[in-house]
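Visitor: dropping the sequence and predicted coords here.
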Amino acid sequence: MVNFENPEIHLTDLPVLSEEKFLPLESAYLTVSVISRLLSLLFVFTAFYIGMHTFRVMPEEYFKLLPFGIIGFSVLSLSLVAIGVRFKGYKIRAKDIHYKRGWISRSLTSVPFNRIQHVEIAQGMVDRWMGLATLKVYTAGGSQSDLSIPGLTYAKASKLRQFLLQKIGSDEEE
């Protein structure tokens, strides 16, 4: 007969993922985030402004105020981006990797090394220009990355990728 045990674990016995030891993203990531948001806003508001002007859906006196609304919304949007960057960070422990983000709605993603299927480095146009990259970690069963850490230098992303690939390889051999 098999003896089955399933002892209770108390919350006080669980390991703690301390907040203060998360590594911040590179300072250039703020610049990348602001430039990316500016390009998005420029595209959206140009299309919006042309559409509003072409179809004349509002009185002329309101149309003259539209640029001020666009500027105000853009300043608010860029401020939110700048604040949000400060709340992002990553941490690597002996058996897992973590990424936190968000200041209003917070998110913490953790992936144990033994669940990682593959790792890649991605760079957008602005990232490449600033020398930054995003490390993407994939686990089984999905086509999208389960963990993405933006705002790393390309060298640091490459080093982390190599480290994770070695961890994956050593786990498979055991």
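Guide: Received it, and whenever you're ready, just let me know what you need.

Visitor: contacts only, for Arg115.
Guide: Thr139, Ala140 (Cβ atoms under 8 Å, 6 or more residues apart in numbering). For glycine as for every other residue, the C-beta is placed from the backbone atoms N, C-alpha and C.

Visitor: name the element Ser77 belongs to?
Guide: Taking DSSP states H and E as the definition, Ser77 sits inside helix 66-85.

Visitor: check which residues of that helix are buried.
Guide: Buried residues in helix 66-85, counting neighbours by 16 or more other Cβ atoms under 10 Å, are found at Ile70, Ser74, Val85.

Visitor: the following helix or strand past it: which residues count as buried?
Guide: Counting by DSSP H and E, the next helix or strand C-terminal to helix 66-85 is strand 89-92. Neighbour-count burial for strand 89-92, counted by 16+ other Cβ under 10 Å, picks out Gly89, Tyr90, Lys91.

Visitor: check what pLDDT the last one gets.
Guide: Right, Lys91. pLDDT recorded at Lys91 is 96.

Visitor: then Val57?
Guide: pLDDT, Val57: 74.

Visitor: quick check: it vs Leu30, distance?
Guide: To Leu30, Val57 is 36 Å away according to Cβ to Cβ, to the nearest Å.

Visitor: do the same with Phe55
Guide: Applying Cβ to Cβ to Phe55 and Leu30 gives a distance of 37 Å.

Visitor: give me the more crowded residue out of those two.
Guide: Leu30 (16 against 8; other Cβ atoms under 10 Å).

Visitor: which residue sits closest to the more buried one in space, ignoring its chain neighbours?
Guide: Val85 (4.9 Å; Cβ to Cβ, 6 or more residues apart in numbering).

Visitor: you'd agree the one you found is up against Tyr29?
Guide: Yes: at 6.1 Å, Val85 and Tyr29 qualify as touching, with contact defined as Cβ atoms under 8 Å.

Visitor: shared neighbours, these two?
Guide: With Cβ under 8 Å, 6+ apart as the test, Val85 and Tyr29 both reach Gly151.

Visitor: returning to that earlier point: including distance to Met1, could the buried residues of strand 89-92 go into a markdown table?
Guide: Formatted as a markdown table, the buried residues of strand 89-92 follow (distance: Cβ to Cβ, whole Å):
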| residue | distance to Met1 |
| --- | --- |
| Gly89 | 50 |
| Tyr90 | 47 |
| Lys91 | 44 |
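
Visitor: neighbouring contacts of the worst-scoring helix or strand of the chain on mean pLDDT?
Guide: Using mean pLDDT, DSSP states H and E, the weakest-scoring helix or strand in the chain turns out to be helix 60-63, at a mean of 78. Contact with helix 60-63 is made by Met52, His53, Arg56, as judged by Cβ under 8 Å, 6+ apart.
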